[in-house]
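# Output the structure for:
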Amino acid sequence: MTPWWSVPVIFSLLVTVSVAKEASTYSLSIDEVQQYTVNTETLYSFAVSAPVSVSGVIFQVHSQYDTIRLSTSATFSYSTTVSGSDIGLWSPSSDHTHTFYCIATSVFNASTTAILAAATEIKINAPIPGGCNLVSPIDTDPNVVLNYTAYTTSLLFQDGNQGYNGSGPPPLCTDSSVSPKHYGVSQLKYIIYRKMMRTRDYSQGTYFATLKNIIKSNSYKDLPSFSESATGIKNFTIDSFKGMGVVYVVMATSLTNGMSSVYVPSVTYACAFNSHGLCDTSLSTTDIVVSVICGLIGLWLIFLSHRFFHVEVLLFSFISFTYCSYILTTALLHYSHTELVILAAAAGLCISLFIFIIWFFTGWFMPFMFIVNGATGFIIGAILLYTPIGSYEFFRIGYVYGLLLACFVVLLLIPAVIFPRPSNIFSSSLIGGYLVVYSIGIFEFSTLDQIVLKVVRVASVKDYLSFHQVYPFTLYDIILSCVWVVLLLLGIIIQCLLVRKRDPFPKKSLFKQLKEKLSSRVDKEEERRRLLSIGSAGNFKEYGSLVN
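Model (predicted):
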């Protein structure tokens, strides 16, 4: 009599054999990278041929936005399966045949999808990526999980293990009684490389070409990197750039023999794809309105600000205090972006009107020069901290970051006292040029807006300075930077020509000027009336004389 438990076992075996027969099989060799167009919801198997002189094999599959299920078992058991868009599995050299199974699922219900498959070897005694896995169900997890927000991207990957010769069990991960040179977790350091694609380039051709280049040529070693050697589950947080494809590569290096291995590269665009395969990077109405206003104010500041100093006082006060208010409201309130912009603009307008009223009655120009030059010092400090200098550990301490900005603000007050007119022309041209560049760049997703937005993030995002920050400087950013310099020079030249024969600053307050102008009009009107009254009382003999 057949035991009851044999029925499901036999059924499972039949299903496995049936699935294996139906699977389309591809063959790959080590270091081979191939692109395939596969049917969705269809089983495919990949046979990887590898020499016996390796520790193991990592097979990886990549899809730009569809989901891939990858397993070493045709039944896709829980302990042998991973899923995602950029995934891979490890197979030890003891498995003489390296066979992997995958099924693609389209998020847009398409019948076919494109994937990139590659096989890489792990050399004998090289670290095993994810070999000390503590979280995921598979024994060795060489994958990098990416989680993005509007501001940051977090990388999560499992600890690697020390390499071995491929025979027998790998070194222990958590037994502290083992000699330190064999203690897997503590003997590795990790380096993260980042490759950035062009902004808003969502083509599969670029996606696959970038991954192919990284996997085959190891070109990632020439990219910006971040190092870390701490133990435990690795969780790195780096700046996000919405709409820009970024490939992250994690390399584990042994501290004992210097050999290295690479985790499966992972890609993010920091946004969700729509049914047309495009990222939703459309600008909000608020962003467009702010951009246009910034551009118009910037053009006026570049060419006419010093000529009409009273308007400059109003505009500079509005810009400076709106920005400060935006930092405060973003840090303290949890409103929508549009609501925060409206609140900041309202606060900036009220403060600027109050300052303008003070200047209207007093005519003191020096205190308002401090506002102008203080804003210039802030911009120069923000530019410095935007460069790789701002990524140094020393400048990622909160109070050091704030103190450096404050020092630039204070230092730029000195030229305001010594050379008030030249410093005012320079400041208005510099900040006006940035506003114009910002208004242009926001439509092409330039990263130059990060010069001022980084300060907002430091104030509003908890522990933001502890995150790794490397800002891309694309060809478009270089062009806009050149435009900024040209606008700065044009502004200085044109403003100097416009005011070369005028007083450096108004000698009287606007209130006093208007009062004197009104008084002069009254005096002229009284004189005219007096002459008319005299003329009506007698006759003129000749011009300039009266006859009774």
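# can you pull the contacts of residue 302?
428-429, 432-433, 436, 487-488, 490-491, 494 (CB atoms under 8 Å, 6 or more residues apart in numbering). The C-beta positions use only the backbone N, C-alpha and C, and glycine is treated the same way.
# right, I mislabeled it, should have said residue 299
Shown in contact with residue 299 (CB under 8 Å, 6+ apart): 432, 436.
# Surely it is in a helix?
Yes - checked against DSSP: H, G, I helix; E, B strand; the rest coil, residue 299 lies within a helix.
# Residue 162 and residue 129 touch, don't they?
No - the pair formed by residue 162 and residue 129 falls short of the contact definition of CB atoms under 8 Å, at 11.8 Å.
# the more surrounded of the two?
More neighbours surround residue 129 than the other of residue 162 and residue 129, with 32 against 28 (other CB atoms under 10 Å).
# Quick check, pLDDT for that one.
According to the prediction, residue 129 has pLDDT 92.
# how near is the nearest residue to it once chain neighbours are set aside to residue 162?
Using CB to CB, 6 or more residues apart in numbering and skipping the chain neighbours, the partner closest in space to residue 129 is residue 142 (3.9 Å). According to CB to CB, to the nearest Å, residue 142 stands 15 Å off from residue 162.
# picking up where we left off before, will you turn the contacts of residue 302 into TSV that also has neighbour count?
Listed next are the contacts of residue 302 as TSV, based on neighbours: other CB atoms under 10 Å:
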residue	neighbour count
428	28
429	26
432	29
433	23
436	23
487	22
488	18
490	14
491	27
494	16
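# Can you give the domain ranges for this structure?
Structural domains assigned to the chain are 22-268, 286-498, 510-547, following automatic domain parsing.
# Out of those, which is closest to residue 279?
Distance to residue 279, taken as CB to CB, is lowest for domain 22-268 among the domains of the chain, at 5.1 Å.
# List phi and psi for residue 192.
Dihedral pair for residue 192: phi -110, psi 130, per degrees, to the nearest 10.
# what's near enough to touch it?
Counting by CB under 8 Å, 6+ apart, residue 192 touches 155, 225-228, 236, 238, 248-251, 468.
# In helices, which of those appear?
Per DSSP state H, helices hold no members of the contacts of residue 192.
# which SSE is the residue most central in space within the chain in?
Averaging the C-alpha coordinates of the chain gives a centre point, and the residue nearest to it by CA atoms, centre = their mean is residue 241 (3.4 Å). Per DSSP states H and E, residue 241 falls between elements, in no helix or strand.
# Dihedrals phi and psi, it?
Dihedral angles for residue 241 - degrees, to the nearest 10 - are phi -130, psi 100.
# just the strands in the stretch 251-400 of the chain please.
Here the stretch 251-400 of the chain has its strands, by DSSP state E, counting those that start in this stretch, at 260-262, 266-268.
# Can you list the strands that the first one pairs with?
Pointing back at strand 260-262 there. strand 244-254 (antiparallel) (DSSP bridges).
# Next: the last one.
Sheet pairing here is set by DSSP bridges, and for strand 266-268 it gives strand 244-254 (antiparallel).
# Put the alpha carbons of the strand it pairs with into PDB.
What follows is strand 244-254, C-alpha atoms only, in PDB (Å, rounded to 0.1, in the frame of the first residue of the first chain):
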ATOM      1  CA  MET A 244      18.900  60.300 -13.000                       C
ATOM      2  CA  GLY A 245      19.800  56.700 -13.400                       C
ATOM      3  CA  VAL A 246      22.500  55.600 -10.900                       C
ATOM      4  CA  VAL A 247      24.300  52.300 -10.800                       C
ATOM      5  CA  TYR A 248      25.700  51.300  -7.400                       C
ATOM      6  CA  VAL A 249      28.500  48.700  -7.200                       C
ATOM      7  CA  VAL A 250      29.600  47.300  -3.800                       C
ATOM      8  CA  MET A 251      33.100  45.700  -3.700                       C
ATOM      9  CA  ALA A 252      34.200  43.600  -0.700                       C
ATOM     10  CA  THR A 253      38.000  43.500  -0.100                       C
ATOM     11  CA  SER A 254      39.800  41.100   2.200                       C
END
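# Around residue 284, how many other residues sit close by?
Neighbour number of residue 284 under other CB under 10 Å is 12.
# for residue 499, same thing?
Neighbour number of residue 499 under other CB under 10 Å is 17.
# how much space between the residue nearest to the centre of the chain and residue 219?
With CB to CB as the criterion, residue 241 and residue 219 are 20 Å apart.
# just residue 449 next, same as before
Per CB to CB, residue 449 is found 29 Å from residue 219.
# again, but for residue 478
Between residue 478 and residue 219 the computed distance is 22 Å (CB to CB).
# higher neighbour count, these two?
Neighbour count, other CB under 10 Å: between residue 478 and residue 219, residue 219 has more, with 14 against 10.
# My read is that that one contacts residue 210, right?
No - with contact defined as CB under 8 Å, residue 219 does not reach residue 210; the gap is 9.5 Å.
# what do these two both touch?
Joint contacts of residue 219 and residue 210 (CB under 8 Å, 6+ apart) are residue 195.
# sorry, back to before: pull the number of nearby residues for the closest residue in space to the residue nearest to the centre of the chain that isn't next to it in sequence.
Counting by CB to CB, 6+ apart, residue 241 lies nearest to residue 270, which is 6.1 Å off, once chain neighbours are set aside. Residue 270 has 21 neighbours, counted by other CB under 10 Å.
# Let the chain start at 53 from now.
Yes, from this point I'll number from 53; that puts the last item at residue 322.
# got a list of what the residue nearest to the centre of the chain touches?
Applying CB under 8 Å, 6+ apart to residue 293 gives the contacts 248, 251, 322, 497, 499, 524.
# I'd like the distance between residue 341 and residue 540.
Separation of residue 341 from residue 540 (CB to CB): 26 Å.
# on that earlier part again, pretty sure the residue nearest to residue 181 sits in a strand.
No - assessed with three-state DSSP, residue 194 is coil; it does not lie in a strand.
# is it true that it touches residue 143?
No - here residue 194 lies out of contact with residue 143, judged by CB under 8 Å, at a distance of 10.5 Å.
# Quick check: neighbours shared by those two?
Common contacts of residue 194 and residue 143, defined by CB under 8 Å, 6+ apart, comprise residue 110.
# who's more crowded, the two?
Remark: of residue 194 and residue 143, residue 194 carries more neighbours, 30 against 20, as counted by other CB under 10 Å.
# Report pLDDT for that one.
pLDDT for residue 194: 94.
# In contact with it, which residues are there?
By CB under 8 Å, 6+ apart, the contact list for residue 194 reads 110, 140-142, 181-182, 315-316.
# biggest separation within these, which pair?
141 and 315 (12.0 Å).
# so, if you compare the contacts of residue 354, which one comes nearest to residue 434?
Nearest to residue 434 among these: residue 485, at 14.5 Å, using CB to CB.
# now the residue nearest to that closest one when sequence neighbours are not counted: how far from residue 533?
Setting aside the residues directly before and after it, residue 485 is nearest to residue 539 in space (CB to CB, 6+ apart), at 3.7 Å. Remark: distance between residue 539 and residue 533 (CB to CB) = 11 Å.
# separation between residue 259 and residue 249?
8 Å.
# Which residues are in contact with each of the two?
Between them, residue 259 and residue 249 share these contacting residues under CB under 8 Å, 6+ apart: residue 297.
# returning to what we had before: rebuild the contacts of residue 354 as a markdown table, extending it with pLDDT and distance to residue 164.
Shown next, in a markdown table, are those (pLDDT from 0 to 100; distance: CB to CB, whole Å):
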| residue | pLDDT | distance to residue 164 |
| --- | --- | --- |
| 480 | 91 | 58 |
| 481 | 93 | 56 |
| 484 | 93 | 52 |
| 485 | 94 | 50 |
| 488 | 94 | 46 |
| 539 | 95 | 50 |
| 540 | 94 | 53 |
| 542 | 95 | 54 |
| 543 | 93 | 56 |
| 546 | 92 | 59 |
